[in-house]
Each structure stands twice: as structure tokens, then as C-alpha cells.
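Novice: For reference, the sequence and a predicted model appear below.
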Amino acid sequence: FWEDYDWQCSAIEKPRTPVKPYVLRTFRQLPCASDAACDSTLQTGYKKAGYMEQSNAIITEETLVETDTYALAIRKFPNHPLQTQVLLTNHEDKTHRRLQ
């Protein structure tokens, strides 16, 4: 990703893509394109897991583990502290599992 990016800032060194295997922790904000975009499809009158009213976005904390064989993502939603989503991808078998 960073290798193809035209970096033009001389004050900060161009970031490097992590070398596998690596563990990465992220905090993501996915803005709601409309009011309905963040509405729950399971319960009328409720928002999707991770919705934060202050930012009108879905917030997730994610830990990524990447090797040549597997990718593992563990997602947590700040306003649903007991809810965790685990995504496991096997690059060799080209399979994907989602657990919650």
C-alpha cells in the first residue's frame, strides 16, 4: 500500500507496510451515510452495534494478526462491551469464517 503512494512530506518518514507476521491494533470510525444506514436490521428503533451518537458513526476496535497462511481479526464495539466478532481467513484454502 505505502510503496505505491506518492509521499510528499519531507518532515515525516514515509510509513512502511508491516512485514508478516505482525499484530496491529486499530480504532476505526465508519460514518453513517444516512440515519437509516446505522439502524439495526434486527430491532426497530435501535442502532447497529458500535454506533456512537456523538460522531454519528460505527466505532470498532480491531486487533489484526497476519501471517502468510492466516489472517485473524478480533473486533470489539465500545458500546457493546460483551460483544466480540472474530474473523478468520485461511489464505491457502481460501476460506473465511465469522464468529460472534
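Specialist: All right, it came through fine. Residues are numbered from 1 along each chain as shown.
Novice: doesn't K20 make contact with D68?
Specialist: Yes: contact criterion CB atoms under 8 Å: D68 and K20 qualify, at 5.7 Å. In this view, the C-beta of every residue, glycine as well, is placed from N, C-alpha and C.
Novice: The closest residue to N90 other than its chain neighbours: neighbouring residues, count only.
Specialist: Closest residue to N90 apart from its sequence neighbours, by CB to CB, 6 or more residues apart in numbering: Y70 at 5.9 Å. Residues contacting Y70 under the criterion other CB atoms under 10 Å number 14.
Novice: do the same with D93
Specialist: Using other CB under 10 Å, D93 has 9 neighbouring residues.
Novice: so what's it up against?
Specialist: Under the criterion of CB atoms under 8 Å, 6 or more residues apart in numbering, D93 has no neighbours.
Novice: oh, and call the first residue 525 from now on, that's how I've got it
Specialist: Right, with 525 as the first residue, what we last looked at is D617.
Novice: Ramachandran angles for it?
Specialist: Dihedral angles of D617 (phi, psi; degrees, to the nearest 10) stand at phi -90, psi -10.
Novice: Which per-residue confidence value corresponds to it?
Specialist: In this model, D617 is scored at 95, pLDDT.
Novice: For burial, what's the neighbour tally of the spatially closest residue to E527 that is not a sequence neighbour?
Specialist: Closest residue to E527 in three dimensions, ignoring its sequence neighbours and counting by CB to CB, 6+ apart: T541, at 6.7 Å. Neighbour count of T541, defined by other CB under 10 Å: 9.
Novice: which residue is nearest the centroid of this protein?
Specialist: E586 (5.3 Å; CA atoms, centre = their mean).
Novice: Can you verify my assumption that that residue contacts Q553?
Specialist: No: proximity of E586 to Q553 does not meet the contact threshold set by CB under 8 Å, at 11.7 Å.
Novice: can you give me the strands in this protein?
Specialist: In the chain, the strands defined using DSSP state E lie at 546-555, 575-576, 581-590, 594-601, 604-614, 619-623.
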